[in-house]
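Peer 1: need coordinates for the following:
(chains A and B)
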Protein chains: 2
Amino acid sequence: MDMEKPHKKLHCIEVCLTPKLFSEIQTHENYIVVLVDILRATTSICAAFNSGVKTILPVSTLDEARAMKEKGFLVASEQDGKKLDFADFGNSAFNFSREAIDGKTLVYCTTNGTRALEIAKKAEKIAMGAFINLTALTSWLIDEEKNVVILCSGWKNKFCLEDTIFAGALTEKLIQSGDFTTQCDSAAAALDLWRLARPDILKYIEKAAHRHRLKKLELDDVIPYSFSIDATQVVPVYMGGEIFDTQLKK
Amino acid sequence: MDMEKPHKKLHCIEVCLTPKLFSEIQTHENYIVVLVDILRATTSICAAFNSGVKTILPVSTLDEARAMKEKGFLVASEQDGKKLDFADFGNSAFNFSREAIDGKTLVYCTTNGTRALEIAKKAEKIAMGAFINLTALTSWLIDEEKNVVILCSGWKNKFCLEDTIFAGALTEKLIQSGDFTTQCDSAAAALDLWRLARPDILKYIEKAAHRHRLKKLELDDVIPYSFSIDATQVVPVYMGGEIFDTQLKK
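Peer 2: Numbers count the residues shown, from 1 in each chain, chains lettered A, B, ... in the order given. Prediction:
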């Protein structure tokens, strides 16, 4: 009689290319959402935790952000990529220096990221995914032993390349772990686009429409950092209204 | 003084990866929608015109389809890929032989395609795009001199690979004509995926989730035909409630 390995139950990966498609996902239980907004929210949130921020309170409207500022919180808030007057920071990753935020609580309002957090509320947990925490996030997801839905924020509900190639990079690492599988066309496409992009990510992303918008706003200094794989070891997770770094609780 | 060519005004290409994203398109005027549903509606509609059908009346509900059958029309109608009992045909391209439909009017009801027709109603014209009419469609679009929105039907509102690679193939041919440009991330992604798929489309499409669904329904005999580039010279266009072949009016 042959010795057979027991079949391991693999967890599923599904990629959602824009928040508007989240209502169509096929993964309905026991899942973690990985939120992705590479050129803004999720990279910046990882950068903030890397600079020692204690916790981040996401808010979805400017009124809430303004009210929190009046209560004395540090506030990051932008509209169409520009810092708003009342706020302490815009949401470029470079705003969050250790001097400015170490040990503090930060209120964070964005046009893209927080809307996606609202949409993904049914997930058991929502983790922040970015190239700068790719490996740390992968290890955490493997330990969690749940299905994974990768939710790309896109740009104003439209598909964007930079979030999609990150979805491909994360899908690849999860599948390589041997614990995950996927039957999702969006994941297959993301994987293919990531493999095309990987040899020279910055060159590949040149064609992304969003990048051109940032360039116009003179915010493109943050782009090389946004694609610096594993520049941090943080895994920020949203639970119960706040974001904290799971790596600090170990 | 140098002789300078006058700058030609290029028309824009935008790709919409699923009907659910159509409300987000940035092209708002002077555009033609190319509807794409490779493994069903648009390939089948091209095949029907290639077999001599005179006109196709698309309907969006089974009740309408049944009512038209009672009025004596030939009716194609399926649900989840299976022909319905009351109908004359399912919507596999192979149903539409010349003996069955030459010179006739066909009522066509599908779960995907007709819903997309409804969504795209604001376009000046809606053309049916498929690999089997790629070159004829491209020539017609060049002659029309309008912007082009390529609307992928997807599968139940989700992204699907086969429609996306067709969007890439059409984008490539339109750009090669010198009359079109694109600034759309979805078009850039579709183009890249098409270039990966082209050397062996059938092998590439093996991974498409939809293909696996067809295989289960034993309908996958139609797949090689669905990727037979330029098997027909028809350009079916929807205007005023009916679809006709523009190539016959010349």
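Peer 1: roughly how far apart are residue A:220 and chain B?
Peer 2: Between residue A:220 and chain B the distance is 16 Å, computed by C-beta to the nearest C-beta, to the nearest Å. Just so you know, the C-beta spots here come from the backbone N, C-alpha and C atoms, and that holds for glycine as well.
Peer 1: which parts of chain A sit against chain B?
Peer 2: For chain A, the residues in contact with chain B under the definition C-beta under 8 Å from any C-beta of the partner chain are A:17-18, A:20-21, A:24, A:26, A:155-161, A:164, A:183-186, A:188-189, A:192-193, A:196, A:207-210, A:212.
Peer 1: any of those residues buried? List them.
Peer 2: Neighbour-count burial within the residues of chain A next to chain B applies to A:17-18, A:20-21, A:24, A:155-161, A:164, A:184-186, A:188-189, A:192-193, A:196, A:207-210; the criterion is 16 or more other C-beta atoms under 10 Å in any protein chain shown.
Peer 1: output the below-cut-off pLDDT ranges for chain A.
Peer 2: Under the criterion of pLDDT under 70, the regions of chain A flagged as low confidence span A:1-7, A:81, A:111-112, A:209-219, A:249-250.
Peer 1: all helices of it, in order?
Peer 2: Taking DSSP state H to define them, one finds helices in chain A at A:41-50, A:62-70, A:98-101, A:113-119, A:134-144, A:161-176, A:185-197, A:201-205, A:209-216, A:223-226.
Peer 1: tell me the angle of the longest one relative to helix A:41-50?
Peer 2: Following axes from the mean of the first three to the mean of the last three C-alpha atoms, to 10 degrees, one obtains 70 degrees for the angle between helix A:161-176 and helix A:41-50.
Peer 1: name the helices or strands packed onto helix A:161-176?
Peer 2: Applying 3 or more C-beta pairs under 8 Å, 6 or more residues apart in numbering or on different chains; DSSP states H and E, one finds that helix A:161-176 contacts strand A:11-16, strand A:31-36, helix A:134-144, strand A:147-152, helix A:185-197, helix A:201-205, helix A:209-216, helix B:185-197.
Peer 1: dump those into JSON lines; add distance to residue A:121 as well.
Peer 2: As requested, the helices and strands packed on helix A:161-176 are exported to JSON lines (distance: least, C-beta to C-beta, whole Å):
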{"stretch": "strand A:11-16", "distance to residue A:121": "14"}
{"stretch": "strand A:31-36", "distance to residue A:121": "9"}
{"stretch": "helix A:134-144", "distance to residue A:121": "18"}
{"stretch": "strand A:147-152", "distance to residue A:121": "11"}
{"stretch": "helix A:185-197", "distance to residue A:121": "21"}
{"stretch": "helix A:201-205", "distance to residue A:121": "30"}
{"stretch": "helix A:209-216", "distance to residue A:121": "25"}
{"stretch": "helix B:185-197", "distance to residue A:121": "27"}
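Peer 1: of the ones you listed, which is nearest residue A:176?
Peer 2: For these, proximity to residue A:176 was assessed by C-beta to C-beta; helix A:134-144 is nearest, at 8.8 Å.
Peer 1: what residues of the closest one count as buried?
Peer 2: Using 16+ other C-beta under 10 Å as the test for burial, helix A:134-144 gives A:134, A:136, A:137, A:138, A:140, A:141, A:142, A:144.
Peer 1: off-centre distance for that helix?
Peer 2: Helix A:134-144 has its C-alpha centroid displaced from the chain centroid by 13 Å (C-alpha atoms, centre = their mean, to the nearest Å).
Peer 1: re the thing from before, which of the buried residues of helix A:134-144 sits closest to residue A:229?
Peer 2: Each of these was checked against residue A:229 using C-beta to C-beta; the closest is residue A:134, at 5.4 Å.
Peer 1: okay but residue A:235 is in contact with residue A:133, surely?
Peer 2: Yes - checked against C-beta atoms under 8 Å, the pair residue A:235 and residue A:133 is within contact range at 6.2 Å.
Peer 1: of these two, give the one with the bigger neighbour count.
Peer 2: Higher neighbour count among residue A:235 and residue A:133: residue A:133, with 29 against 23, using other C-beta atoms under 10 Å in any protein chain shown.
Peer 1: how close does the closest residue to the more buried one other than its chain neighbours get to chain B?
Peer 2: Using C-beta to C-beta, 6 or more residues apart in numbering or on different chains and skipping residues adjacent in sequence, the residue nearest residue A:133 is residue A:46, 4.8 Å away. For residue A:46, the distance to chain B equals 23 Å [C-beta to the nearest C-beta].
Peer 1: and residue A:16, how far from residue B:94?
Peer 2: When C-beta to C-beta, to the nearest Å is applied, the distance between residue A:16 and residue B:94 equals 34 Å.
Peer 1: please say which of these two ends up with more neighbours.
Peer 2: Relative neighbour count places residue A:16 above the other of residue A:16 and residue B:94, with 29 against 13, counting by other C-beta under 10 Å.
Peer 1: got the contact list for the residue nearest to the more buried one when sequence neighbours are not counted?
Peer 2: When the adjacent residues along the chain are set aside, residue A:16 lies closest to residue A:151, with 4.8 Å between them (C-beta to C-beta, 6+ apart). The neighbours of residue A:151, taking C-beta atoms under 8 Å, 6 or more residues apart in numbering or on different chains as the test, are A:16, A:19, A:22, A:33, A:34, A:35, A:36, A:116, A:119, A:120.
Peer 1: can we see that at 10 Å?
Peer 2: With contacts taken as C-beta atoms under 10 Å, 6 or more residues apart in numbering or on different chains, residue A:151 has the following neighbours: A:14-19, A:21-22, A:25, A:33-37, A:116-117, A:119-120, A:123, A:126, A:129, A:163, A:167.
Peer 1: kindly report the same for residue A:22.
Peer 2: Going by C-beta under 10 Å, 6+ apart, residue A:22 touches A:16, A:33, A:116, A:119, A:120, A:122, A:123, A:149, A:151, A:152.
Peer 1: can you tell me which of the residues you listed is nearest chain B?
Peer 2: Of all the contacts of residue A:22, the one sitting nearest chain B is residue A:16; the distance, using C-beta to the nearest C-beta, is 9.1 Å.
Peer 1: pull the contacting residues for the closest one.
Peer 2: With C-beta under 10 Å, 6+ apart as the criterion, the residues that contact residue A:16 are A:22-25, A:27, A:33-34, A:36, A:116, A:119-120, A:149-152, A:154, A:167, A:184, A:186-187, B:158-159.
Peer 1: same thing but at 6 Å, please
Peer 2: A:22, A:25, A:151 (C-beta atoms under 6 Å, 6 or more residues apart in numbering or on different chains).
Peer 1: and what of residue A:133?
Peer 2: Remark: with contacts taken as C-beta under 6 Å, 6+ apart, residue A:133 is in contact with A:46, A:232, A:234.
Peer 1: check residue A:30 too.
Peer 2: Under the criterion of C-beta under 6 Å, 6+ apart, the contact partners of residue A:30 comprise A:146, A:147.
Peer 1: can you rerun that using 10 Å?
Peer 2: By C-beta under 10 Å, 6+ apart, residue A:30 lies in contact with A:11, A:12, A:123, A:124, A:145, A:146, A:147.
Peer 1: what do you get for residue A:180?
Peer 2: Remark: with contacts taken as C-beta under 10 Å, 6+ apart, residue A:180 is in contact with A:10-13, A:138, A:141-142, A:147-148, A:170-171, A:173-174, A:187.
Peer 1: how about the nearest residue to residue A:135, chain neighbours excluded?
Peer 2: residue A:230 (4.9 Å).
Peer 1: mind listing what the one you found touches?
Peer 2: Neighbour list for residue A:230: A:131, A:132, A:133, A:134, A:135, A:136, A:137, A:138 [criterion: C-beta under 10 Å, 6+ apart].
Peer 1: again, but for residue A:96
Peer 2: If you count contacts by C-beta under 10 Å, 6+ apart, residue A:96 has them with A:44-53, A:74, A:76, A:89, A:102, A:106, A:108.
Peer 1: appreciated, that's everything.
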